[in-house]
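# Give me a model of this one.
(chains A and B)
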Amino acid sequence: MTAKGIASVVPKQFWCHFGRNESQKSKISWFHISHIILLTYLWAMWKEISVLISKEVTLEWRQKFALNGILLYVVSAVFITYLSVGARGGNISPPTWNALYWIIILFSAVNAVAKSFVQEHQGRQLYYYMIASPEAIILSKMIYNTGLTLILALLGYGVFSLILGNEVQDHGLFLLNLVLGAMGFSASLTMVSGIASKAGNNATLMAILSFPVIIPILLMAIRISKNALDGLDWSVSADKVLSLVAINAIVAAAGYILFPYLWRS
Amino acid sequence: MRQSWWKILTIALLLYTLTAGLLMDVPRLPILNETIRALHFHVTMWFGMILLLLVSVFYSIKYLRTNEIKHDDMAIEFAGAAILFGVLGIVTGMLWAKFTWGDYWSGDPKQNAAAIGILMYFAYLILRNSMTDTQQRARIGAIYNIFAFAAFIPLIFVLPRLTDSLHPGNGGNPGFNAYDLDSKLRMVFYPAIIAWTLLGAWIATVRVRMRRVERTLEDRMINS
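As a prediction, the model looks like this:
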């Protein structure tokens, strides 16, 4: 990329680092230059990622049956649970409500994310391999799957509230937890589905590889969700929320670093 | 691998661990009584497992950087030895728990985390066996090994500390350092960690050599 190209990509306000007065103007340090290079890089990366995300959304929209299928999966799973426990709204205890809800979300998320590397055939993957960087691909898939998992979780929440009763007392914390849980699920499941797709792609493999890896995230999410159900003060859950964020960061970073090696094979 | 001094050291340390660990004086404590000797076997095997897993992850990273199959041999065999110690550690832990906590399985967070960790590495073995191409198996195995280790560390080091655990040193229970006032237990504890780790490394290196021999024989068969 030429200097002119960089100048056009970097927004104007970043250039103001180069001195507000004459004496500073001459001192363009390496710090400034590295700052601009980093911002340019992030900006280019973000553009690539947003294009890839919109590609995912378009693909999903074209093949609506997959999306509708997974939505129906959530609704049917909730309904089966409802009939199996024989519970009417209100007479199911909060811990049971919580456990059932998260198990359903776990299974639907595994099913939803499992197809992220499957639905596109080999030739098209080769095409992406040539035009996009692996980092951008994994990040775009993770972000897209976060959205998808979040939609599933919200739908599940709606159906649960409708037929099993809504036991949640602290909606803010519950929703924050859903967002964090969706991030963690999609970060680990996206990476695992990539691994499973390289290894012959059977559903058993996806399940056995993802369940142990996802358990730390699931356990934290269930604990926070339990606090939200009981309407405890936020200070009680603060350290748990922080550790959930930290686990998400570890898993996402591991996926980000390892994916290029997977993609190359 | 031709050096034998560390194998002699392993045998000496293991003999020391077994005799001193079983016969030496231990602090007399209520409930724990003689079961405190599990410290030299159960706890040290877990330490050994973590160290062996670290070696395995190290070789997995090395494989991804160089693509040499010999690093993959080391990674899989060290993981195998670690799984062996993990299973032994969980079994010895269950025996100990039966006599101190009253049940083989009490749903303690660390017990659960250990079981999940074992599941993770069994999944690693199944993943490897599901592929036939050597290079692909090595690469994807290495990727999952590193990924699983990244998830395993918070599972065993972070999560159990957030809830009450029955384990010594957690949830208000005094750790072993509180009992070990005259450092007598330590005199067996640290050598025992080294002994189990070295034993694991020995098992792993022997199996790596077997793999190399098998590969060479196969090559000969194909080429002849």
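# Point out the residues in the stretch 51-200 of chain A that sit beside chain B.
A:188, A:191, A:192, A:195, A:198, A:199, A:200 (C-beta under 8 Å from any C-beta of the partner chain). All C-beta spots, glycine's among them, are computed from the backbone N, C-alpha and C.
# Residue A:189 versus the fourth one, what's the distance?
In this structure, residue A:195 lies at 11 Å from residue A:189, with C-beta to C-beta, to the nearest Å as the measure.
# out of these two, which sits in the busier spot?
Taking neighbours as other C-beta atoms under 10 Å in any protein chain shown, residue A:195 and residue A:189 compare with residue A:189 leading, 31 against 23.
# Looks like that one contacts residue A:214 (just checking).
Yes: with contact defined as C-beta atoms under 8 Å, residue A:189 reaches residue A:214; the gap is 7.0 Å.
# does residue B:132 sit in a helix, a strand or a coil?
coil (DSSP: H, G, I helix; E, B strand; the rest coil).
# which element is residue B:208 on?
If you go by DSSP states H and E, residue B:208 is part of helix B:184-223.
# I misspoke; the intended subject was residue B:16.
Assigned by DSSP H and E, residue B:16 falls in helix B:5-23.
# C-terminal to the helix or strand encompassing residue A:104, what's the next element?
In the assignment (DSSP H and E), residue A:104 maps to helix A:94-114. On the C-terminal side of helix A:94-114, the nearest following helix or strand under DSSP H and E is helix A:122-131.
# Quick one: low-confidence residue ranges for chain B.
For chain B, the stretches flagged by pLDDT under 70 are B:1-2, B:26-33, B:159-166, B:168-183.
# sorry, that was for chain A
A:1-28, A:87-90, A:118-120, A:201, A:265.
# which helices and strands does the one helix or strand residue A:157 maps to pack with?
Per DSSP H and E: residue A:157 is located in helix A:134-164. Helices and strands touching helix A:134-164, as assessed by 3 or more C-beta pairs under 8 Å, 6 or more residues apart in numbering or on different chains; DSSP states H and E, comprise helix A:30-62, helix A:64-85, helix A:94-114, helix A:171-198, helix A:234-264.
# and the ones you listed, which is most packed in?
Compared across the helices and strands packed on helix A:134-164, helix A:171-198 shows the largest average neighbour count, a mean of 23 (mean count of other C-beta atoms under 10 Å in any protein chain shown).
# right, and the helix or strand after that helix?
Helix A:171-198 is succeeded, C-terminally, by helix A:203-230 (DSSP H and E).
# what comes up buried for that next one?
Neighbour counts over helix A:203-230 (16 or more other C-beta atoms under 10 Å in any protein chain shown) mark A:205-229 as buried.
# Could you pull up the contacting residues of the residue lying closest to residue A:252 once chain neighbours are set aside?
Sequence neighbours aside, residue A:187 is the residue nearest to residue A:252 in space, at 4.1 Å (criterion: C-beta to C-beta, 6 or more residues apart in numbering or on different chains). Neighbouring residues of residue A:187 by C-beta atoms under 8 Å, 6 or more residues apart in numbering or on different chains: A:142, A:146, A:248, A:251, A:252, A:255.
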